[in-house]
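K.L.:
this one's structure only:
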């Protein structure tokens, strides 16, 4: 109970830090490249004003104009920072789109799940977790672990070897994935990936995202353990890890899962 409460507080702090990162990053972009003055003009605003001439004193003769000299045009530092930020955001968005394209390519050959035993385990798990609407279920032979994705309508895509799981392990798998759906983890992971793509100079977003994902997996494991048993969850994880080991032995690249949740990122 104490460990569960500590994870809940840690997750709340991580989510708050993620939202705080959005606010501070947007503020940095506005200050460096928004409709504000450049750094040189800002410095001039705080410069001391010229001393006023005493009343009635004769005007000082105007100084002779200096000889023209070649002066390099000043480039506002704020504009330079904005250009660097825009280039970094463009690179981050290209990276994010490439990762999503790879995930779509892996899931392109998926088919709706039709196995009666698998569907029955999914219905039982949804009732136990408390989902009102059963998510879409599909299967893809290219997957080595289940993947849950979708913000408006959730979908759980199962690996091709899911038939090898026993009844208890299969129910534990669905309880874990349905816990992700009930908690809205896909939305939080997608938000973190989007922030990292748009604001790549915020280097603390990388460890924050990784820790937030790890805490989400631990909490979903705990939910699955309460709905089934810790032994069933452990056996399911061992079985999925063996599938992933076989895939890596054949040199297959694991799917990127930004905005989705899967077991593969923990092994």
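P.N.:
Thanks, I have the structure now. All values derive from a computational prediction rather than experimental measurement.
K.L.:
next secondary structure element downstream of the least confident helix or strand in the chain by mean pLDDT?
P.N.:
None of the helices or strands of the chain scores lower by mean pLDDT, DSSP states H and E than helix 39-45, at a mean of 42. Heading C-terminal from helix 39-45, the first helix or strand you meet, by DSSP states H and E, is helix 77-107.
K.L.:
quick one: list the elements packing against that following helix.
P.N.:
helix 2-33, helix 39-45, strand 136-140, strand 147-149, helix 185-198 (3 or more C-beta pairs under 8 Å, 6 or more residues apart in numbering; DSSP states H and E). C-beta: built from backbone N, CA, C; applies to glycine.
K.L.:
so how far is that helix off the chain centroid?
P.N.:
13 Å (C-alpha atoms, centre = their mean, to the nearest Å).
K.L.:
stretch 227-239 too?
P.N.:
27 Å.
K.L.:
which parts of that stretch are buried?
P.N.:
Applying a neighbour-count criterion of 16 or more other C-beta atoms under 10 Å, one finds 227, 228, 232, 233, 235, 236, 237, 239 buried in stretch 227-239.
K.L.:
ok, now stretch 199-206?
P.N.:
199, 200, 202, 205.
K.L.:
circling back to that earlier point, reformat the helices and strands packed on helix 77-107 as a markdown table; add mean neighbour count and distance to residue 157.
P.N.:
Below are the helices and strands packed on helix 77-107 laid out as a markdown table (neighbours: other C-beta atoms under 10 Å; distance: least, C-beta to C-beta, whole Å):
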| stretch | mean neighbour count | distance to residue 157 |
| --- | --- | --- |
| helix 2-33 | 14 | 25 |
| helix 39-45 | 11 | 50 |
| strand 136-140 | 19 | 5 |
| strand 147-149 | 24 | 5 |
| helix 185-198 | 20 | 12 |
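K.L.:
now residue 159. Its backbone dihedrals?
P.N.:
Backbone torsions of residue 159, given as degrees, to the nearest 10, read phi -70, psi 160.
K.L.:
so, low pLDDT: which residues of this protein?
P.N.:
Along the chain, the model assigns pLDDT under 70 to residues 25-78, 249-267.
K.L.:
contact partners of stretch 223-240?
P.N.:
125, 128-129, 144-146, 159, 164-166, 168-173, 175-176, 179, 221, 263, 267 (C-beta atoms under 8 Å, 6 or more residues apart in numbering).
K.L.:
could I get the helices and strands packed on helix 77-107 as a markdown table with distance to residue 103?
P.N.:
As requested, these are exported to a markdown table (distance: least, C-beta to C-beta, whole Å):
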| stretch | distance to residue 103 |
| --- | --- |
| helix 2-33 | 21 |
| helix 39-45 | 42 |
| strand 136-140 | 11 |
| strand 147-149 | 8 |
| helix 185-198 | 11 |
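K.L.:
any idea which of these gets closest to residue 108?
P.N.:
Across the helices and strands packed on helix 77-107, residue 108 has its closest neighbour in strand 136-140 (8.3 Å, C-beta to C-beta).
K.L.:
quick one: contacts for residue 4?
P.N.:
219, 222.
K.L.:
how far away is it from residue 87?
P.N.:
44 Å (C-beta to C-beta, to the nearest Å).
K.L.:
need the strands for the stretch 151-267 of the chain, in chain order.
P.N.:
Counting by DSSP state E, counting those that start in this stretch, the stretch 151-267 of the chain has strands at residues 155-159, 261-262.
K.L.:
pick the most deeply packed of these.
P.N.:
Comparing the strands of the stretch 151-267 of the chain by mean neighbour count (mean count of other C-beta atoms under 10 Å), strand 261-262 comes out on top with a mean of 26.
K.L.:
touching, residue 128 and residue 175? I think so.
P.N.:
Yes - counting by C-beta atoms under 8 Å, residue 128 touches residue 175, with 6.3 Å between them.
K.L.:
comparing the two, which residue is more hemmed in?
P.N.:
In terms of neighbours (other C-beta atoms under 10 Å), residue 175 is the more surrounded of residue 128 and residue 175; the figures are 27 against 17.
K.L.:
any idea how far the more buried one lies from residue 125?
P.N.:
From residue 175 to residue 125 the distance is 5 Å (C-beta to C-beta).
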